[in-house]
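In: What would the 3D arrangement of this be:
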Amino acid sequence: MSRTVRPWLQRSPLFRSAVLAGTIALAANPPAQAASDFTPLPGTWIVSAEQDGRPGRGMAIDVQDGVLVMQVYNYRANGTATFHLAVGNIDGNQVAAPLKSYRGGRYFGSGPLSGVEDGDAGEVRIEFTSATQAQLRFPGEPTVAIQRFRFDNTPASALPSAYWLMSMQDSSGKAVYSAIALSGVDTSTGPAMVMALPNGTQLPISCSYSATLQGFNCSNGSATPSVRLQFQTALQQLSGTAQLNGSSFQLVGQRMLSPDGYDSLVFSETTPVPASGTWIVTGEKNGQPGRGMAIDVQTGTLVMQVYNYQADGNASFHLGVGAFASGQASAPLKSYQGGRYFGSGALSGTEAATAGDVFLDFSSPTRGHIRFPGEGAVAIERFQFAPVAPDPASLLGNWTFHDTTNKETAHVALTQVDGTAATTAGGGVRCSFLNPATAQVRCVETFTISGRGSVYLKDYRFVLQTDTGSGKALQAGELARSDVLPDDSSTQKNSLLALRTMDRRGMKLGLGTSF
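Out: Alright, predicted model coming up:
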C-alpha cells in the first residue's frame, strides 16, 4: 500500500512590569497548589456564544509555572476601546483575579511614556474544564463558556500533517517509550501515520476519526509490535492513550514541525514560528506600566492584539491579522468601537480606524523584531514570567528524552536545585546551562569505574525552547573529564529531542488526559 505525504494545509499595552514583578516572586517560591492534569493553551480565547462574525471582545491567555496572565480587550460604556489585565495563581484549575486598568502609556510614534494604574473593574473568575475550554464570569455578568480560538481552518476530522514528538508514560508519569510520528499520511483506506521508535523501528498505522471521542482511533492491525492509539489534537498539542504489545500508557505529544519544514517550534535550521502568548518590547522593560502584544500563529496566519494607549492617555487596543511566512508577517493595525463593556449585555462593535501597518520578523520561537506605525524596528521577546535561563529552576519538571544515538527513551524527573544545576532527587542526573544566552543545556549522568575514572551514562546537549528542545545525545560510556567536553563532531545533529511533560508544580503540560 503506497503512502504519500498529503500537501500541506492551506496557509492561509500590555501591562506594567511592576505588576508582574509580584508574579515572578511567586514563581521563584511557588505556593502549594492543587496539581492539574492539563495546562490551558496560551493564545487567543473567545466567549463561545459571542461568535457572530462581527467585532467583539476577547481574551489573550498565557499560563506559565501555574500563573495565569490574561489581557481582556473590550470597551467602555461610551463605546471606546480599552483593555484590562488580570494576573493570578491557578489552583485546582481555578483562578480569581482583579481586572486592572491603566492609562498614560505609549501610543504609536510617541516615544518613551510610562503609564499608571487606573483602578480595577472588579474580579474575574475562571474555571478551566480542559486545556481549550473554561467557564468564566466577568464583573456584573453571568458565567459563560469560553474556548481557545482556532482559525487554522482545519476540520476536526482531518489528521493534521505534522511531525510529532510523542511520550508514552505509565500511571506515575514516567516516560517508558518515545516516538517520532509523521501524521497526515494518505493511504487508499484513509488517514494514517508512521511512528519511529528510538531504535529505528518504523510502524505504519491506520487511523479513523471518531465523532463520539472527538479524536482518532489508530492501529497497525495484526502487525508486531502491536500498536493501538486513541488521541485528540489541538494546535501544537496531542494527547490520549497508547497500547504497545498490550501494555497501556498515557500519550502526550508536541508538534515539532510540518513535513516541508514550515511551522517549526524546535529546529533552529527551519522557519521559526513564534510561541503563542504574551510578547513585550525588550527595551521597554522598565518596571512601569507599558504596552505589549498577544501573538498567535496558526497555519500561515498571524493574529496579534496590541495593548497600548491613545494620545489622550486612554488605554486602547489594536488588532492585526496577516499572512505569516518565512518567519515574517505584516498587517494593518485596526481599532474598533461600540462593543461590549462589563455588564453591558449583547453589543456588536464596528471598525473605527487603521493606525497603519505593523511588520514582524522572528529569529526564533521566542525572539524577533517589530516595527509599529511611525516607529523604527525594535527587538521583541516572548514574555517569560516563569524562571528563565540561567536560573536552574527553569529546568525543573518531568522530561522525556528521545535519544536515537543510544537508541533509547530516557525519563528524567528534575526535582531540586543544587547550585547552578537542576538535579534528580538523588543528584544522579544534573542539568545546567552551558550557554544561557542561547539557552543551550547540558544534562549528564556518570558513574565511576575503578581504574578508569568517571564514565558517562547520559550526556545530552540541547537548545531549550520553553518546554521542548533539540540537540545531540553523545554515546554512553565515554570517559568523563572535568576539563574537556567529549568530542561530539561525529554525533548526528538532532539525534536528541526533549519534551517537558510536567512542570515543577506537578501541572501536566499540554492537553493532559483525554480519555
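In: tell me which element the residue of the chain positioned farthest from its centre falls in.
Out: Taking C-alpha atoms, centre = their mean, the residue of the chain most remote from its mean C-alpha position is G451, at 46.8 Å. Under DSSP states H and E, no helix or strand contains G451.
In: and it, how far is that from L479?
Out: Separation of G451 from L479 (C-beta to C-beta, to the nearest Å) stands at 12 Å. No exception for glycine: its C-beta is placed from N, CA and C like everyone else's.
In: ok, now A145?
Out: A145 sits 59 Å away from L479, going by C-beta to C-beta.
In: cool, Q465 as well?
Out: Distance from Q465 to L479, by C-beta to C-beta: 31 Å.
In: Ok, L464 next?
Out: Distance from L464 to L479, by C-beta to C-beta: 27 Å.
In: of the two, who's got more company?
Out: L464 (23 against 13; other C-beta atoms under 10 Å).
In: list the contacts for the nearest residue to that one once chain neighbours are set aside?
Out: Nearest residue to L464, sequence neighbours excluded (C-beta to C-beta, 6 or more residues apart in numbering): A439, at 4.4 Å. Counting by C-beta atoms under 8 Å, 6 or more residues apart in numbering, A439 touches A389, F433, V463, L464, Q465.
In: One more: L396?
Out: L396 sits next to L414, T415, Q416, V417, A422, D503, R504 when contact means C-beta under 8 Å, 6+ apart.
In: got a winner among those for most neighbours?
Out: Neighbour max across those (other C-beta under 10 Å) = A422, 28 neighbours.
In: Check whether that one sits in a helix, strand or coil.
Out: Under DSSP: H, G, I helix; E, B strand; the rest coil, the three-state class of A422 is strand.
In: Isn't it up against D391?
Out: No - with contact defined as C-beta atoms under 8 Å, A422 does not reach D391; the gap is 9.3 Å.
In: Give the residue spans of the chain that score low on pLDDT.
Out: 1-35, 186-189, 259-269, 452, 480-491, 513-515 (pLDDT under 70).
In: if you set the cut-off to 50 instead, what comes out?
Out: 1-29 (pLDDT under 50).
In: still on that earlier bit, for the residue nearest to L464, phi and psi?
Out: phi 60, psi 30 (degrees, to the nearest 10).
In: closest to F108 among the contacts of L396?
Out: Among these, D503 lies closest to F108 (C-beta to C-beta), at 36.6 Å.
In: Name the nearest residue to the closest one, ignoring sequence neighbours.
Out: D503 sits nearest to G397 (C-beta to C-beta, 6+ apart), 4.8 Å away.
In: Distance of the nearest residue to A234 once chain neighbours are set aside relative to L41?
Out: The shortest distance from A234 to any non-neighbouring residue, by C-beta to C-beta, 6+ apart, is to T132 (5.3 Å). T132 sits 6 Å away from L41, going by C-beta to C-beta.
In: Check P191 too.
Out: 23 Å.
In: what do you get for T448?
Out: Between T448 and L41 the distance is 45 Å, computed by C-beta to C-beta.
In: F138 now?
Out: Distance, F138 to L41, by C-beta to C-beta: 21 Å.
In: try Q71
Out: Distance from Q71 to L41, by C-beta to C-beta: 16 Å.
In: and if you look at G471?
Out: 26 Å.
In: Repeat that for S110.
Out: In terms of C-beta to C-beta, S110 sits 33 Å off from L41.
In: Also R340?
Out: R340 sits 24 Å away from L41, going by C-beta to C-beta.
In: ok, now N308?
Out: Taking C-beta to C-beta, one finds N308 at 25 Å from L41.
In: in stretch 105-113, what counts as buried?
Out: G105, R106, Y107, F108, L113 (16 or more other C-beta atoms under 10 Å).
In: Can you get me the start-to-end distance on it?
Out: Stretch 105-113 has its terminal residues 5 Å apart, counting by C-alpha to C-alpha, to the nearest Å.
In: so how many other residues sit close to the residue nearest to A234?
Out: Neighbourhood size, T132 [other C-beta under 10 Å]: 21.
In: and the nearest residue to C207 once chain neighbours are set aside, what does it touch?
Out: Counting by C-beta to C-beta, 6+ apart, C207 lies nearest to C218, which is 4.0 Å off, once chain neighbours are set aside. In this structure, C218 makes contact with A192, M193, I205, S206, C207, S208, V227, R228, L229, Q230, F231, judged by C-beta under 8 Å, 6+ apart.
In: Identify the contacts common to T132 and L41.
Out: Common neighbours of T132 and L41 (C-beta under 8 Å, 6+ apart) are R148, A234, L511.
In: So which of those sit within strands?
Out: Using DSSP state E, the subset of the shared contacts of T132 and L41 located in strands is R148, A234.
In: Tell me the most packed of the shared contacts of T132 and L41, by neighbour count.
Out: When neighbours are counted by other C-beta under 10 Å, L511 leads the shared contacts of T132 and L41 with 24 neighbours.
In: And for the closest residue to that residue other than its chain neighbours, the neighbour number?
Out: Distances taken as C-beta to C-beta, 6+ apart put S239 closest to L511, at 3.5 Å, once the chain neighbours are dropped. Residues near S239, counting by other C-beta under 10 Å, number 25.
In: So what are the sheet partners of the strand or helix carrying S239 and their directions?
Out: Using DSSP H and E, S239 falls within strand 237-244. Next to strand 237-244 in the sheet, as set by DSSP bridges, lie strand 227-234 (antiparallel), strand 247-257 (antiparallel).
In: buried residues in the longest one?
Out: Of the residues in strand 247-257, those buried under the neighbour-count criterion (16+ other C-beta under 10 Å) are F249, Q250, L251, V252, G253, Q254, R255, M256, L257.
In: Cool, thanks, signing off.
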